[in-house]
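J.: I would like the atomic coordinates for the input below:
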Amino acid sequence: MSRIGRLPIAIPAGVDVDIDGSTVTVKGPKGTLSRQFHPNIAIEKKENTLHVTRPDDAQQNRALHGLSRSLLANMVTGVNDGFRKDLEVNGVGYRAQKQGEQLVLNIGYSHQVIMEAPEGVTVEVPSPGKIIISGYDKQRVGQFAAEVREKRPPEPYKGKGIKYAAEVIRRKEGKSGKGK
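T.: Here you go, the predicted structure:
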């Protein structure tokens, strides 16, 4: 039995879960998420918990069991609490700012990089070196954070670029040209 898949998911107060066949809709204070799950995976609501079960131990069903439970738990967490990714902008002259709904990055190119946040994702820039991306859909928040980081990934010599706040950059020494 899947160790993750067999864990029940607690439904907090203020969150409504509707199960219609293999479609699950979760409504909460932050928003509404809906997802179509594989028909082999059974999702049951018992009082204030959700249980995910599989019909047998076939390879595909074992693989889908833990995945479905994790996706469902992320939906419940997202509409209740939301998700957040913190990014840091490091480098001389590198900065981020918000103009209207757009994120404007000055990251060493000859032009500014302008990015539009997807629906359901909010961007905050408390200081020129910090970006906070938040929302209720974990996939959208993580994808947009990865797209922002991709514009200038951190380099290993000076650490310049955009990195996640908890990310550790392995630094390299550089040239040691004392020889000849």
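J.: quick one, what contacts residue 131?
T.: 86, 87, 88, 89, 96, 103, 123, 124, 125, 148, 162 (C-beta atoms under 8 Å, 6 or more residues apart in numbering). C-beta: built from backbone N, CA, C; applies to glycine.
J.: quick one: which two of those are the most distant?
T.: Spatial extent of these (C-beta to C-beta) is set by the pair 124 and 162 at 15.2 Å.
J.: quick one: which of the two has more around it?
T.: Neighbours per residue, other C-beta atoms under 10 Å: of residue 124 and residue 162, the larger number sits with residue 162, 25 against 13.
J.: any idea how far residue 120 is from that one?
T.: From residue 162 across to residue 120, the span is 22 Å (C-beta to C-beta, to the nearest Å).
J.: which residues of the protein score low on pLDDT?
T.: Counting by pLDDT under 70, the chain contains low-confidence residues at 1, 177-180.
J.: ok, longest helix in it?
T.: The longest helix of the chain (DSSP state H) is helix 59-80.
J.: What is that helix packed up against?
T.: strand 9-10, strand 23-27, strand 32-36, strand 49-53, helix 138-150 (3 or more C-beta pairs under 8 Å, 6 or more residues apart in numbering; DSSP states H and E).
J.: Contacts for it next, please.
T.: 2-5, 7, 9-12, 14-15, 17, 24, 26-33, 35, 37-38, 40-41, 43, 50, 52-55, 83, 135-138.
J.: quick one: residue 154 and residue 162 touch, right?
T.: Yes - look at residue 154 against residue 162 with C-beta atoms under 8 Å: they come within range, at 6.9 Å.
J.: Need the overlap of contacts for the two.
T.: With C-beta under 8 Å, 6+ apart, residue 154 and residue 162 have common neighbours residue 90.
J.: Leaving out chain neighbours, which residue sits closest to the residue positioned nearest the centre of the chain?
T.: Against the mean C-alpha coordinate of the chain, by C-alpha atoms, centre = their mean, the closest residue is residue 142 at 2.8 Å. Of all residues not flanking residue 142 in the chain, residue 85 sits nearest, at 6.6 Å (C-beta to C-beta, 6 or more residues apart in numbering).
J.: Likewise for residue 92?
T.: Spatial nearest neighbour of residue 92, excluding adjacent residues (C-beta to C-beta, 6+ apart): residue 160 at 7.9 Å.
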